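Asks: starting from these lines, generate the structure:
(one chain, ligands or ions: 1)
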Amino acid sequence: MKPLHDKVVIVTGAAHGIGRGIAEAVAAAGARIVLADLDEATGQEAVRSFVNEGREALFFGGDLTDEETCGALIKKTVADFGRIDGLVNNVGAFPRGTLEETTGEFFDRVMAINLKPALFCCKHTIPVMKSNGGGAIVNIGSGNAYGGSPNLLAYSISKGGLLTLTRNLAHAYALENIRINLLNPGWVLTEKELEVQVAEGRDQAQLEERAKHRMLGRFQTPEDAGQTTVFLLSDAASQVTSQVVNLGG
Ligand SMILES: NC(=O)c1ccc[n+]([C@@H]2O[C@H](COP(=O)([O-])OP(=O)(O)OC[C@H]3O[C@@H](n4cnc5c(N)ncnc54)[C@H](O)[C@@H]3O)[C@@H](O)[C@H]2O)c1
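Replies: Sure, this is the predicted structure:
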């Protein structure tokens, strides 16, 4: 039997990049899946391709920094699929900014995107998981949480916050059979990451050269994050909670 057979899983930020790869892996592992994203057109197109492959999938569009929108996502999932077994909080953004460049408006925006969707999706999902008898949550963090690059100050602080959110909630809901872990992907050259790198003056060829010097000799892919997420959501990880899983490659 597939590892997520018949489980209902929400993936946020699932239209592009790592979230899209996680959604594909989770759907291939047998889950019924809800893809949530701000980008309606690409998200709907992703759902159509999943459905064409025989998966059960639906799209929810909206800005997940808004608590009401997170509540509506959870309500729609329960209305359509009846339960929630897994939640992957992947929405995030990594705009560059040193201390000198960090304004109040910039800081608030980075905190909002990187923390509020996870906070509010957990807040509205956990009561549903409690009534189901349990569930699993995977938050997508970053190695920048442990200090981070000087030009990623606000981002690094926000990912540190996500680490704390993960551990706090994992302890609060462990006895409700709700497991919560943080997955730190390595360097994934998503479209957005490539855009940021090009804006900083590096081209694809230079980046490919740098990737060769990484420990496993390549960039990671969204699928790499997807496979580890499937494990963390599955019953095979039933004793794994409050952990940080680093994809160190
Ligand atoms: N790319 C990397 O190398 C890397 C490394 C470590 C961690 N991460 C983390 O992985 C996650 C995904 O990164 P990515 O490179 O795939 O980024 P991405 O920009 O390709 O994807 C982010 C997705 O989130 C959606 N989104 C953004 N704001 C939203 C909002 N307010 N409401 C709903 N949806 C929203 C976007 O439309 C997009 O589909 C982020 O949390 C990022 O911090 C990325």
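
Asks: quick check, central residue of this protein?
Replies: The centroid of the chain falls nearest to N90 when counting by C-alpha atoms, centre = their mean (1.7 Å).

Asks: state the distance from it to A57.
Replies: 16 Å (C-beta to C-beta, to the nearest Å). From N, CA and C alone the C-beta is placed, and that goes for glycine too.

Asks: one more: E223?
Replies: Counting by C-beta to C-beta, the gap from E223 to A57 is 17 Å.

Asks: just checking, next helix/strand downstream of the helix ranked longest in the chain?
Replies: If you go by DSSP state H, the chain has its longest helix at helix 104-132. Under the assignment DSSP states H and E, the closest C-terminal helix or strand after helix 104-132 is strand 135-140.

Asks: same for the helix or strand that that next one is followed by, what does it pack against?
Replies: Per DSSP H and E, the first helix or strand lying C-terminal to strand 135-140 is helix 153-173. Other helices and strands packing on helix 153-173, by 3 or more C-beta pairs under 8 Å, 6 or more residues apart in numbering; DSSP states H and E, are helix 104-132, strand 135-140, strand 178-184.

Asks: picking that back up, what packs against the longest helix of the chain?
Replies: strand 8-12, helix 67-81, strand 86-89, strand 135-140, helix 153-173, strand 178-184.

Asks: what pairs with the third one, and is each one parallel or antiparallel?
Replies: Think strand 86-89. strand 8-12 (parallel), strand 135-140 (parallel) (DSSP bridges).

Asks: wait, what's in contact with the nearest residue to V128 once chain neighbours are set aside?
Replies: In this structure, V128 finds its nearest non-sequential neighbour in I84, 4.8 Å apart by C-beta to C-beta, 6 or more residues apart in numbering. Contact analysis of I84 by C-beta atoms under 8 Å, 6 or more residues apart in numbering lists V8, V9, I10, I74, T77, V78, T125, V128, M129, N132, G135.

Asks: look up how far T221 lies from the nearest residue to G71 once chain neighbours are set aside.
Replies: Leaving aside its chain neighbours, G71 sits nearest to H124 (4.8 Å; criterion: C-beta to C-beta, 6+ apart). To T221, H124 is 31 Å away according to C-beta to C-beta.

Asks: quick one: which of the two has more around it?
Replies: Ranked by neighbour count (other C-beta atoms under 10 Å), H124 and T221 place H124 first, with 20 against 16.

Asks: which element is E223 on?
Replies: Take DSSP H and E as the rule and E223 turns out to sit in helix 222-233.

Asks: who are the packing partners of that helix?
Replies: By 3+ C-beta pairs under 8 Å, 6+ apart, helix 222-233 packs against helix 17-28, strand 86-89, strand 135-140, strand 178-184.
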